[in-house]
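*Asks:* okay, structure incoming, though there's no sequence with it:
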């Protein structure tokens, strides 16, 4: 049974939102994808949110671009924590989406990550779930340990090769 719902207003958001799914898989958390527009399917969107808790969702990650109402509409219809992912737009590079999501009225919070930051939304969702799930908490710790080790390896390699050779080996100067 999915613990995280990943919802987006359009299938054009899927390349960004797939990163959330990939990260949740890495952290051992079941999830589902849904396309449901706050503007074109308002009843279905509200119903998705209203039934989230009874369906066992612990967190909802909602990605939206432009006016980006989807995360707020979802948050208004459930007490399940909602994490908004502003999607980069061609018009204002996602700043419009960011402002739309982050400026929620008092009483209806939406946690907000960086523009196109669905991987971080997944990590935040995992941290929320990890409050009561020791296995998920351990998976997050292991993920962070692996990231730290990658940086240490890059530092060793840079010291060993020097800047010129390191950049050359990476394929660019």
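*Replies:* In hand now; what should we look at? None of the values given here were measured: they were computed from a predicted structure.

*Asks:* going forward, measure contacts between C-alpha atoms and count neighbours the same way
*Replies:* Will do.

*Asks:* ok, now how distant is residue 12 from residue 151?
*Replies:* Between residue 12 and residue 151 the distance is 33 Å, computed by C-alpha to C-alpha, to the nearest Å.

*Asks:* same question, residue 64
*Replies:* 32 Å.

*Asks:* helix or strand right after the host helix or strand of residue 33?
*Replies:* Following DSSP states H and E, one finds residue 33 within strand 31-35. Going down the chain from strand 31-35, the next helix or strand is helix 42-50, by DSSP H and E.

*Asks:* what are the ranges of the helices in the chain?
*Replies:* With helices called from DSSP state H, the chain shows them at 14-26, 42-50, 70-76, 95-102, 118-130, 134-161, 163-170.

*Asks:* for the shortest one, give the mean pLDDT please.
*Replies:* Read it as helix 70-76. The pLDDT scores in helix 70-76 average 97.

*Asks:* and that helix, what does it pack against?
*Replies:* Here helix 70-76 is seen to pack against helix 42-50, strand 59-65, strand 82-87 when contacts are counted using 3 or more C-alpha pairs under 8 Å, 6 or more residues apart in numbering; DSSP states H and E.

*Asks:* same question, the first one
*Replies:* Secondary-structure packing of helix 14-26 (3+ C-alpha pairs under 8 Å, 6+ apart): strand 4-8, helix 118-130.

*Asks:* for the ones you listed, give me CSV that also has mean pLDDT.
*Replies:* Below are the helices and strands packed on helix 14-26 laid out as CSV (pLDDT from 0 to 100):
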stretch, mean pLDDT
strand 4-8, 98
helix 118-130, 98
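
*Asks:* residue 102: which of the ones you listed is closest?
*Replies:* With respect to residue 102, and counting by C-alpha to C-alpha, the nearest of the helices and strands packed on helix 14-26 is helix 118-130 at 13.7 Å.

*Asks:* any idea of the angle that closest one forms with helix 14-26?
*Replies:* Using axes from the mean of the first three to the mean of the last three C-alpha atoms, to 10 degrees, the direction of helix 118-130 lies 40 degrees away from that of helix 14-26.

*Asks:* residues contacting the residue nearest to residue 48 when sequence neighbours are not counted?
*Replies:* Sequence neighbours aside, residue 74 is the residue nearest to residue 48 in space, at 7.9 Å (criterion: C-alpha to C-alpha, 6 or more residues apart in numbering). Residues in contact with residue 74 (C-alpha atoms under 8 Å, 6 or more residues apart in numbering) are 45-46, 48-49, 62, 82.
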